[in-house]
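Asks: no sequence on hand, only this structure:
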């Protein structure tokens with residue numbers, strides 16, 4: 001999971017650097033270049049927020065599943081212990 005986030009971060013950083021380099025080397029006026037940089041920065045920020053939200057949602061879902069599985073295991077264990085206890089009572093009586 002850690003490698004996935006590093007790859008995603010690397011791709012986003014590479015895209016941002018490429019976009020900025022393309023804008024800076026384009027033959028536009030300074031004011032136009034600044035507008036493009038501002039727009040691309042906002043777009044990159046939106047993409048980063050979206051990616052982060054997707055990542056958080058994935059982590060939440062995995063946590064929920066793990067919690068549900070743990071609760072199921074505890075319930076099965078408690079039922080098994082109760083069953084064994086009943087068997088012991090019945091064999092003693």
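Replies: Structure received. Since the structure is predicted, the reported quantities are computational estimates derived from the model, not experimental observations.
Asks: pull out the buried positions in stretch 56-75.
Replies: By 16 or more other Cβ atoms under 10 Å, stretch 56-75 has no buried positions at all. Using the backbone N, CA and C atoms, a C-beta is placed for each residue, glycine as well.
Asks: against residue 77, how distant is residue 15?
Replies: 49 Å (Cβ to Cβ, to the nearest Å).
Asks: quick one, which of the two is more surrounded?
Replies: More crowded of residue 15 and residue 77, by other Cβ atoms under 10 Å: residue 15, with 14 against 10.
Asks: which strand or helix spans residue 43?
Replies: helix 30-92 (DSSP states H and E).
Asks: okay, now the unreliable bits of the protein?
Replies: 1-2, 93 (pLDDT under 70).
Asks: switch the cut-off to 50
Replies: The chain contains no residues with pLDDT under 50.
Asks: center of it - which residue?
Replies: With distances taken as Cα atoms, centre = their mean, residue 55 lies nearest the centre of the chain, 1.6 Å away.
Asks: for the nearest residue to that one once chain neighbours are set aside, grab phi and psi.
Replies: In space, and not counting its chain neighbours, residue 55 is closest to residue 5: 6.8 Å by Cβ to Cβ, 6 or more residues apart in numbering. Note on residue 5: backbone dihedrals following degrees, to the nearest 10 are phi -70, psi -30.
Asks: what do you get for residue 29?
Replies: When read as degrees, to the nearest 10, the backbone of residue 29 gives phi -70, psi 160.
Asks: can you check residue 28 too?
Replies: Per-residue torsions, residue 28: phi -120, psi 170 (degrees, to the nearest 10).
Asks: pull up the gap between it and residue 59, please.
Replies: Using Cβ to Cβ, we find residue 28 at a distance of 41 Å from residue 59.
Asks: and if you look at residue 82?
Replies: From residue 82 across to residue 59, the span is 35 Å (Cβ to Cβ).
Asks: same check, this time on residue 81
Replies: 33 Å.
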